[in-house]
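> Pasting the sequence and the predicted model now:
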There are 2 protein chains.
Amino acid sequence: MVVELISVGTEILLGNIVNTNAAYLSEKCAGLGLACYYQDVVGDNEGRLYETIRTALSRADILLISGGLGPTQDDLTKEVAAKVMGKSLYLHEESKTAIRTFFEKRGLEITDNNWKQAMVPEDCIVVNNPNGTAPGIIMAENGKHVVLMPGPPNELIPMFETSIIPYLAKLQDSVIYSQTVKICGVGESKAETMVKDLIDGQTNPTIATYAKTGEVHLRVTAGAENEKAAKKLVKPMVKELKGRFGSHVYTTDDEVTLEKAVVDLLLANKLSLVTAESCTGGMLAARLVNVSGVSDVFKGGFVTYSNKAKRRLLGVKKSLLAKHGAVSEETAREMAKGAALVSKADVTVGITGIAGPDGGTAQKPVGLVYIACDVRGNISVREYHFSGGRAKIRENTVSAALTMLRECILQYYSEVTFGGKEK
Amino acid sequence: MVVELISVGTEILLGNIVNTNAAYLSEKCAGLGLACYYQDVVGDNEGRLYETIRTALSRADILLISGGLGPTQDDLTKEVAAKVMGKSLYLHEESKTAIRTFFEKRGLEITDNNWKQAMVPEDCIVVNNPNGTAPGIIMAENGKHVVLMPGPPNELIPMFETSIIPYLAKLQDSVIYSQTVKICGVGESKAETMVKDLIDGQTNPTIATYAKTGEVHLRVTAGAENEKAAKKLVKPMVKELKGRFGSHVYTTDDEVTLEKAVVDLLLANKLSLVTAESCTGGMLAARLVNVSGVSDVFKGGFVTYSNKAKRRLLGVKKSLLAKHGAVSEETAREMAKGAALVSKADVTVGITGIAGPDGGTAQKPVGLVYIACDVRGNISVREYHFSGGRAKIRENTVSAALTMLRECILQYYSEVTFGGKEK
């Protein structure tokens, strides 16, 4: 089946917000085995919205429309979509009650225009929205399905996962099941080469590669008459990929991020961690703190952007900084060692690099980064060369540090080896 | 004039990448005074791309098309756009030379398919691309303008700023000039209320409000026969807004971010800064390090997510943590004081809060945050209540900390007062 996404909102046309909903919904639809040929963005304008919905209906089976369900006069999506589908609106008592409860719980006063959100098209499915006042709407007729969802991601995403995915899954002749093999420490093009034979010959299951910062995700998707059969098709391919990428696979669980994998590894081995960051300036610590409950292993972090901070907080010697420079293998090593000495943590990581745009030289260009990892006195240092501007270099550095942390801990406990360039 | 954006790429339809180009181009077009009614995303498919370009041409004066200019057979944008415009392609010698130079400089081998990128439509303007091998293309006929740009943002953005903006500016009957008044410490709805009378009555200049995390940007745009006249229209409105928002205006320079404004304030007053972060876990430090050259003022940062780290690194007393809890006014205050004591920095900031999803109670719900700011011994603590999930709460906290830092430093040096809720 073919799906088309329509994002409604003048704020997107003005560039006020980035359309992350479209990326989220597209990825989910691909996972459901739905083909998406077009994404549209249109403003809160009756005529243009009407035409956009009509055109999309002529070329897709399913429309996922987000935004424009608010309480103001500007919000027209529900009214216009109902008009295209030839439906009139009526007051939905359950939605009215839900809206009243939502406001009362938060001690807010309801203004009259809020009742507009309780109006729904006849014969539609009303979808509960626990995170806001606009219910979702599903209209189905003559094999066409029009789904309306609120625009704010914190309302759209839970609604899509809880209510819309099961609805879409039921529309398919076959059940789609997919699993993601997440890989770190292998570049995108190398990973693609390593699975090219599988992708070239693929029918069911299929493999799609997604390049993320410092990671590659391989999504294996299969369709079958039921979930059990689909899973049975996916399983051997996941096994094949795990065999090919070995220890570089950090998870096959969609919910697990690279930072979560590192935190879980620390927890499993009862290791405490301390970070010492220069060019990333706290970004590695901030990513670790993405993981709720990280405090059981993360003892703390030092941000030592200046040389003075490297000396004072981590005890890096002035003479060493003078001799080798702040961006050097030696400084990274001393940062990790210093952090271990000061904090008594089991694992420490030291990061130093030139994020630019200034500060690069012919010998030490912008993008040169050294990361040192100390696991109970076993220190490794690696040299990296990143490109793509200050922000991108720093993001890549953080992903590389997480990858290296994971590899060094695994190596400490076993004979696992990785292809990294050790110094 | 009306502009329409077409983003070409199967990777967008698969949700592999977020369409940040569209947001960037939309915001720039709004700034140029161009109306944008539609954004389209279409894959690398000849038939669908042809139809999309034809439809867009029927409803807009200017098409900004990005993506699909690569060297592979999949990349069709130039070929299809030329077909719609009735143009044939020829080998453009300058582009061929530019591509050869690009490869030689990087010591890379040229493969034959790269010469595809030197083919351009007849009668077009070829736009230099210093950051890649695909030149930009401008085709103009019968009052319609079709602009083709490469998809990677690090190629598209410099090309758009250097070459496309001047071209678009020339198409306008009038010159458009805009300036942004950036405000912190005032909520979006309050800011909108404060300028409602100006917006309601606006013709030329116009004011557009952009809500950013913890900030509001007011863009004042005017059109006139020349830049001088347009600037003259913008100037009094900027003055009016500065008058209304007073010290909450942190810049009127498009290039200056909130973190840059804080760093500049520290530099101007020769103040050193140290951060102590719990729930934000290094995000404040990382944002400060966005500013190239921050090491002149930023002495370092502590990430003290666990209670142990708060005690060890900052000297927060065990008894105080036990009595008031890690998320409390008292702990925030002691974190800032402890950071000042340890580091001898002029300014310190302590952040503690409950980012969730776990850890909230009825008395201390998820989203409760305390920020303390110590300017040479003058300590303020503020209480905040944020919502929107772990990531959003942490982002809002960082913006609030930057805002508070700025206000506390300004207050220290003058009698400026802000409406903040001091503890």
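Everything's here; your move.
> In PDB, please show the C-alpha coordinates belonging to the helix or strand bottoming out on mean pLDDT in chain A.
Counting by mean pLDDT, DSSP states H and E, chain A has its least confident helix or strand at strand A:206-212, which shows a mean of 81. This file holds the C-alpha atoms of strand A:206-212, laid out as PDB (Å, rounded to 0.1, in the frame of the first residue of the first chain):
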ATOM      1  CA  THR A 206      14.900  -6.800   2.900                       C
ATOM      2  CA  ILE A 207      17.800  -4.900   4.400                       C
ATOM      3  CA  ALA A 208      17.900  -1.100   4.500                       C
ATOM      4  CA  THR A 209      21.000   0.700   5.700                       C
ATOM      5  CA  TYR A 210      20.700   4.000   7.700                       C
ATOM      6  CA  ALA A 211      23.800   6.000   8.300                       C
ATOM      7  CA  LYS A 212      23.700   7.800  11.700                       C
END
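> close to chain B, is the helix or strand following it?
Later in the chain than strand A:206-212, the nearest helix or strand by DSSP states H and E is strand A:215-224. No. Strand A:215-224 is not in contact with chain B by Cβ under 8 Å from any Cβ of the partner chain; minimum separation 9.5 Å. For every residue, glycine as well, the C-beta is placed using N, CA and C.
> which element follows strand A:215-224 toward the C-terminus?
helix A:227-245.
> Could you pull up the mean pLDDT of that next one?
In this model, helix A:227-245 carries a mean pLDDT of 95.
> So which residues make contact with it?
Here helix A:227-245 makes contact (Cβ atoms under 8 Å, 6 or more residues apart in numbering or on different chains) with A:174-179, A:181, A:183, A:186, A:191, A:194-195, A:198, A:204-205, A:207, A:218, A:220-224, A:249, A:252.
> Give me the buried positions along it.
Within helix A:227-245, the residues that count as buried by 16 or more other Cβ atoms under 10 Å in any protein chain shown are A:230-231, A:233-234, A:237-238, A:241, A:244-245.
> Just the element for the closest residue to chain B within the stretch 51-200 of chain A, please.
Scanning the stretch 51-200 of chain A for the residue nearest chain B gives A:Asn154, at 5.8 Å (criterion: Cβ to the nearest Cβ). Assigned by DSSP H and E, A:Asn154 belongs to helix A:153-159.
> which SSE is the nearest residue to A:Ser278 once chain neighbours are set aside in?
In space, not counting the residues next to it along the chain, A:Ser278 is nearest to A:Thr352; the distance is 4.3 Å by Cβ to Cβ, 6 or more residues apart in numbering or on different chains. Applying DSSP H and E as the criterion places A:Thr352 in strand A:347-353.
> Does the helix or strand following that strand reach chain B?
The helix or strand immediately downstream of strand A:347-353 is strand A:368-375, counting by DSSP H and E. No. Strand A:368-375 lies out of reach of chain B by Cβ under 8 Å from any Cβ, never closer than 13.8 Å.
> can you check stretch A:21-33 too?
Yes. Stretch A:21-33 is in contact with chain B by Cβ under 8 Å from any Cβ, via A:22-30.
> Now the residue of chain A most remote from its centre: which helix or strand?
No residue in chain A sits farther from the centre than A:Ser319, which is 42.7 Å out by Cα atoms, centre = their mean. Per DSSP H and E: A:Ser319 is located in helix A:318-324.
> residues making contact with that helix?
Where contact means Cβ under 8 Å, 6+ apart, the residues beyond helix A:318-324 that reach it are A:307, A:310-311, A:330-331, A:334.
> ok, A:Val41 touching A:Leu13?
Yes. Counting by Cβ atoms under 8 Å, A:Val41 touches A:Leu13, with 6.3 Å between them.
> could you dump the residues of stretch A:21-33 next to chain B to JSON lines with neighbour count, pLDDT and secondary structure?
Below are these laid out as JSON lines (neighbours: other Cβ atoms under 10 Å in any protein chain shown; pLDDT from 0 to 100; DSSP: H, G, I helix; E, B strand; the rest coil):
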{"residue": "A:Ala22", "neighbour count": "27", "pLDDT": "97", "secondary structure": "helix"}
{"residue": "A:Ala23", "neighbour count": "21", "pLDDT": "94", "secondary structure": "helix"}
{"residue": "A:Tyr24", "neighbour count": "18", "pLDDT": "94", "secondary structure": "helix"}
{"residue": "A:Leu25", "neighbour count": "26", "pLDDT": "97", "secondary structure": "helix"}
{"residue": "A:Ser26", "neighbour count": "26", "pLDDT": "94", "secondary structure": "helix"}
{"residue": "A:Glu27", "neighbour count": "19", "pLDDT": "89", "secondary structure": "helix"}
{"residue": "A:Lys28", "neighbour count": "19", "pLDDT": "91", "secondary structure": "helix"}
{"residue": "A:Cys29", "neighbour count": "24", "pLDDT": "92", "secondary structure": "helix"}
{"residue": "A:Ala30", "neighbour count": "23", "pLDDT": "86", "secondary structure": "helix"}
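> picking that back up, buried ones among the contacts of helix A:227-245?
For these, buried by 16+ other Cβ under 10 Å: A:175-179, A:181, A:183, A:186, A:191, A:194-195, A:198, A:205, A:207, A:218, A:220-224, A:249, A:252.
> Next, A:Val381: secondary structure please.
strand (DSSP: H, G, I helix; E, B strand; the rest coil).
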